[in-house]
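# Sequence first, then the predicted structure, then my questions.
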Amino acid sequence: MKNKKTIKREYEDEIVESITCDICKITFDRKWGAGNFDVLETKISFGSGTLYPEGGYGETIEFDICPDCFVDTIAPFIEGFGSKRQVTDWNV
Ligand SMILES: [Zn+2]
């Protein structure tokens, strides 16, 4: 028979509590200042590595760019190479 007792375990975990834009350096709450039901997402990343059926490894390079800098700075920069903006509607 195993005699059990309850113990209190404490641990530390790292969570995102705010985000600072890599361009304008403004710090926002973790949703870029969006309201509870608003969606404001930006994603600029590059991933590489090796993935096997049993696991893998790799790395991701990413930048934290606020929505205003994405629209006003990053998008025009990329369009400067002749790329066209791809706008996709979504609905859930
Ligand atoms: Zn910004």
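Received the coordinates, thanks. Numbering: from 1, shown residues only.

# Any buried residues in the helix or strand of the chain with the lowest mean pLDDT, and which?
In the chain, the helix or strand scored least confidently by mean pLDDT, DSSP states H and E is strand 27-29, which has a mean of 91. By 16 or more other Cβ atoms under 10 Å, the buried positions in strand 27-29 come out as F28. Every C-beta, even on glycine, is put in place using the N, C-alpha and C of the backbone.

# who touches that strand?
Contacts with strand 27-29, where a contact means Cβ atoms under 8 Å, 6 or more residues apart in numbering, come from E17, S18, I19, T20, C21, C66.

# interface residues of the protein facing the ion?
C21, I23, C24, C66, C69 (Cβ under 5 Å from the ion).

# rewinding a little: after the least confident helix or strand of the chain, heading C-terminal, what element do we hit next?
Downstream of strand 27-29, the first helix or strand assigned by DSSP states H and E is strand 44-52.

# What lies in contact with that next one?
G56, Y57, G58, E59, T60, I61, E62, F63, I65, F70, I74.

# can you list those in CSV and add pLDDT, secondary structure and distance to K31?
Below are the contacts of strand 44-52 laid out as CSV (pLDDT from 0 to 100; DSSP: H, G, I helix; E, B strand; the rest coil; distance: Cβ to Cβ, whole Å):
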residue, pLDDT, secondary structure, distance to K31
G56, 97, strand, 30
Y57, 97, strand, 30
G58, 98, strand, 27
E59, 98, strand, 26
T60, 97, strand, 21
I61, 97, strand, 22
E62, 95, strand, 17
F63, 95, strand, 17
I65, 95, coil, 14
F70, 96, helix, 14
I74, 96, helix, 19
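
# Would you mind checking the contacts of strand 27-29 for buried ones?
The buried subset of these (16+ other Cβ under 10 Å) comprises I19, C21, C66.

# so who does the last one touch?
Going back to what we said before, that points to C66. The contact partners of C66, taken as Cβ under 8 Å, 6+ apart, are I19, C21, I23, C24, I26, F28, W32, T42.

# where's the dip in pLDDT among those residues?
Note: of the contacts of C66, the lowest pLDDT belongs to W32, at 88.

# Stretch 35-51: how far from the chain's middle?
Relative to its parent chain, stretch 35-51 has a centroid offset of 4 Å by Cα atoms, centre = their mean, to the nearest Å.
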